[in-house]
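1. Turn this into a structure:
(2 chains)
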Amino acid sequence: MSESEKPVSLQSTVRLCAMVFFVIVCATSGMIATSFAHLGDGWTLKVALILCIAVVNAFFVAGYLMHLLSEKKLVYTVLAFTVFFFIGLMGLTVWAMGDFPLGTATH
Amino acid sequence: MEIPYTVTNRPDTGIYNAKLGIWLFLASEVMLFGGLFSAYVLLRVGAAPGDWPHGWLNVTLGTINTLLLAMSAITTLLAWAACKVRDFTKFKIFHACTIVLALTFLGIKSYEYHDKLIHYEIQLTNGKIADGHMVAESKDFDLAKKIGSVTIEGHIVEDRREIIDLRSPEARAAKHEEITIAATDIKKMGNYGPAHNTFTAIYFTLTGLHALHILGGTLVIFYLWGPGSRMWKTDPERFTNRIEVSGLFWHFVDLVWIFLFPVLYLT
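-> The predicted structure is shown next:
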């Protein structure tokens, strides 16, 4: 049984929402603090840290608010395909980063 | 004709049809935004060192919008939970909160857009650059005919790099004042709209598409809150499923913003 099919009580949902909102507030504060922190010349490190926090934030929204932690197998299958194609999309973009057409100024 | 599996789960999929439909739609949405995010990565990594803008967006407003969307996602879930426990009054209250929060988000976004559209970079004939918000144009101002003048609230810089990184100590120390510039002293001027540079182009494209999703979602939620809520009297189970499906879309829109905010405002 998926989460959305289980019996629901408003009190437990309010508690869940409070927890998720607290996480979002903490994660947002963490991202802003990281953005303004002095990490030397570590721009890549800074971006990686911020994106990691964003992924944690997204996990709580998708997992708890969208009930993705307890969904049916078909939904996971659809999402598995999506993740595969998304990684392919990003992977091809990064892979093609240095492929400048012949004759262009950057080549 | 009755539409099958709007309330009960299909035996083969295990979920009702609308839920499968929204997940397939969200999968396509991931690819839509994914394409734009990959375009952002290309532009960002491909930019020459020191050419990519920093601090051009208002972090305070972005943070407020993040919290507004988070709160609206929560009120959406609470509206669905209220339907599940058959409390229609609370459903109405929670969904009304969602609509108000969504409209506030759009209001703040509009303010941010307006701020960019009245912000001008003016290249002067002496090689310097005037940068600031438009205060007034003289009635006869015509740049092509070199007539009249413009007044901006901003400052004049020697080098363009001084207005690229607004988080730098120099940029923070800059004094902004009202400057009136004659049309004869202006070589070229343009606002910080989508055509200004690649950053503003991708900023307006990503946030504009996201804002359209917010607008569309708000219209659906408004319909379900208003005229669409009549279904509650005839088929409350199906109505509850509609609220769940619209809520899934709304949470997805929140998810997109969770990545847009750090990528555009913080990095």
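2. Just give the closest residue to the residue of the stretch 151-267 of chain B at minimum distance from chain A, not the sequence neighbours.
-> Residue nearest to chain A within the stretch 151-267 of chain B: residue B:266 (3.8 Å; C-beta to the nearest C-beta). Yep, even glycine has a C-beta here, placed from its N, CA and C like the rest. Nearest residue to residue B:266 in three dimensions, chain neighbours excluded: residue A:35, at 3.8 Å (C-beta to C-beta, 6 or more residues apart in numbering or on different chains).
3. Can you get me a residue count around the one you found?
-> 19 (other C-beta atoms under 10 Å in any protein chain shown).
4. Which positions within whichever helix or strand it is part of qualify as buried?
-> Element membership for residue A:35 (DSSP states H and E) is helix A:10-36. Under the neighbour-count criterion of 16 or more other C-beta atoms under 10 Å in any protein chain shown, helix A:10-36 has A:13, A:16-17, A:20-21, A:23-24, A:27-28, A:30-32, A:34-35 buried.
5. Any chance of those in TSV with pLDDT as columns?
-> Formatted as TSV, these follow (pLDDT from 0 to 100):
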residue	pLDDT
A:13	93
A:16	94
A:17	94
A:20	95
A:21	95
A:23	96
A:24	96
A:27	96
A:28	96
A:30	96
A:31	95
A:32	96
A:34	94
A:35	92
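6. which one among these gets closest to residue B:8?
-> Closest to residue B:8 out of the buried residues of helix A:10-36 is residue A:13 (23.3 Å), distances taken as C-beta to C-beta.
7. what residue lies at the spatial centre of chain A?
-> residue A:55 (3.2 Å; C-alpha atoms, centre = their mean).
8. Doesn't that one belong to a helix?
-> Yes: under DSSP: H, G, I helix; E, B strand; the rest coil, residue A:55 falls within a helix.
9. Who are the contact partners of it?
-> Residue A:55 makes no contacts at all, as judged by C-beta atoms under 8 Å, 6 or more residues apart in numbering or on different chains.
10. repeat for residue B:136
-> B:150, B:151.
11. Just the pLDDT at it, thanks.
-> Residue B:136 carries a pLDDT value of 95.
12. Show me what the helix or strand it falls within pairs with in its sheet, parallel or antiparallel.
-> Taking DSSP H and E as the criterion, residue B:136 maps to strand B:129-137. Sheet pairing of strand B:129-137 (DSSP bridges) gives strand B:119-124 (antiparallel), strand B:149-157 (antiparallel).
13. tell me which residues in that strand are buried?
-> For strand B:129-137, by 16+ other C-beta under 10 Å, it's B:129, B:130, B:131, B:132, B:133, B:134.
14. The second one touches residue B:152, doesn't it?
-> Yes: applying C-beta atoms under 8 Å as the test, residue B:130 and residue B:152 come out as touching, 6.2 Å apart.
15. got any residues that touch both of the two?
-> In contact with both residue B:130 and residue B:152: B:120, B:122, B:179, B:181, using C-beta under 8 Å, 6+ apart.
16. Looking at those, point me to the pair that's furthest apart.
-> Counting by C-beta to C-beta, the most remote pair of the shared contacts of residue B:130 and residue B:152 is B:120 and B:179, 11.0 Å apart.
17. Name the residues contacting each of these two.
-> Common contacts of residue B:120 and residue B:179, defined by C-beta under 8 Å, 6+ apart, comprise B:130, B:132, B:152, B:154.
18. Same list, those residues, but as JSON lines with pLDDT please.
-> JSON lines is the format used below for the shared contacts of residue B:120 and residue B:179 (pLDDT from 0 to 100):
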{"residue": "B:130", "pLDDT": "95"}
{"residue": "B:132", "pLDDT": "95"}
{"residue": "B:152", "pLDDT": "96"}
{"residue": "B:154", "pLDDT": "95"}
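19. A strand includes residue B:56, no?
-> No: Residue B:56 is assigned coil when assessed by three-state DSSP, not a strand.
20. Got phi/psi on residue B:169?
-> As for residue B:169, its main-chain torsions (degrees, to the nearest 10) stand at phi -60, psi -40.
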